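> Need a 3D model of the sequence below.
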Amino acid sequence: MRGLHIAAFCVAGVIVLFLLASLAQASVIQLGLLTADENLGEVAQAAYDWANDSYSSTLLLATDTGDFTNTKGNKQPLDSFAVLWLHYSETNTLPASFLTDETLDAVKGYLESGGTLFLTALALHYTFDLEVETGAEPRVFNPLGKDPPEIGVMPTAEGVKHPIFTGFDTSDPIFLCSMAQDGFTSDFMSIPGDVSGVLLATKTRDGGAGAGERPLVEFDVDKGKIITLGHHNPVYTDDGSDEGENLRTLTKNIIEYLAENSAFLAVEHREKLTVTWGEIKS
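As a prediction, this is how the structure comes out:
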């Protein structure tokens, strides 16, 4: 009996130590900021500057061969990042390096393994290039931003319950832009019927399956996830208004939601040993 008591005490001690270690851990969101080169353009520069101030982020340059490098030319494995973010609005097509078979395969492999991807402005179209959106091709149009401040999203029934809208009043449209901004964007308005993912918000009040411009959609890709934010909404140069603050709050909620659901979210111990949360979960 005494041996059983000792064994039970040891097990309890291990559990306590594990709980204490857990309390000493902090989630570290490693954010990969995707681009074709270091000339980001006005809006992407504003978006990525905000990301640099908010998270541990790395600029990742896409190559034609499916590799991604940092600004020093060193290869960066995509699974080093819990979340990848691609904002693009400079032209009406994505840069060629994102559309090679090798790059598409690399991004799909990352997603299928449990990675997550945030696509804003024209980058919403990447869901079609990746063959995640299997309906009609998303429309591409401009400008990116419009004035007056009437551009926003209306959460659907699914969206109202979604964590990305934490802190928002979901009974009314959430306005995200208050200014005109040159650039190109994309949305799912041209797709007949339902999109392939879960529609989280439209631009209209009724939120029906075919309603509005349908900018905000969540896709499950095997073990991974994608969230899009298109239409005239993602104007990160709009930083001096309530709408611009709403956009940043929504972006923060999306990135942190994706990170929580990523197989590659890192956990940093007090001793600064970084491991992958996906490894712990498995």
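
> Pull the contacting residues for the residue most central in space within the chain.
The residue lying closest to the centre of the chain (Cα atoms, centre = their mean) is F118, at 2.4 Å. Residues near F118 by Cβ atoms under 8 Å, 6 or more residues apart in numbering: V83, L84, W85, L86, I226, I227, T228, L229, T251, I254, I255, L258. (Each C-beta comes from the backbone N, C-alpha and C, glycine too.)

> Share the number of residues neighbouring T91, please.
13 (other Cβ atoms under 10 Å).

> should've said G66
G66 - counted by other Cβ under 10 Å - has 17 other residues nearby.

> now the one 4 residues further on
N70 is flanked by 13 other residues according to other Cβ under 10 Å.

> F168 and L247 touch, don't they?
No: if you go by Cβ atoms under 8 Å, F168 and L247 don't touch, sitting 11.5 Å apart.

> Between these two, which is the more surrounded one?
L247 (28 against 17).

> Three-state assignment for that one, please.
Under the three-state scheme (DSSP: H, G, I helix; E, B strand; the rest coil), L247 adopts helix.

> same question, L33
strand.

> That one bridge partners, please.
According to DSSP bridges, the partner residues bridging L33 are L59, W85.

> Which of the contacts of F118 sits closest to P148?
L229 (20.2 Å; Cβ to Cβ).

> dump the residue contacts of that closest one.
F118, L119, T120, A121, L124, P215, L216, L250, T251, I254.

> Strands - which of the residues you listed land there?
Judged by DSSP state E, the subset of the contacts of L229 located in strands is F118, L119, T120, A121, L216.

> A201 is in contact with the last one, correct?
Right, L216. Yes: using Cβ under 8 Å, L216 is in contact with A201, at 4.0 Å.

> So for those two, which sits in the more crowded spot?
L216 (33 against 30).
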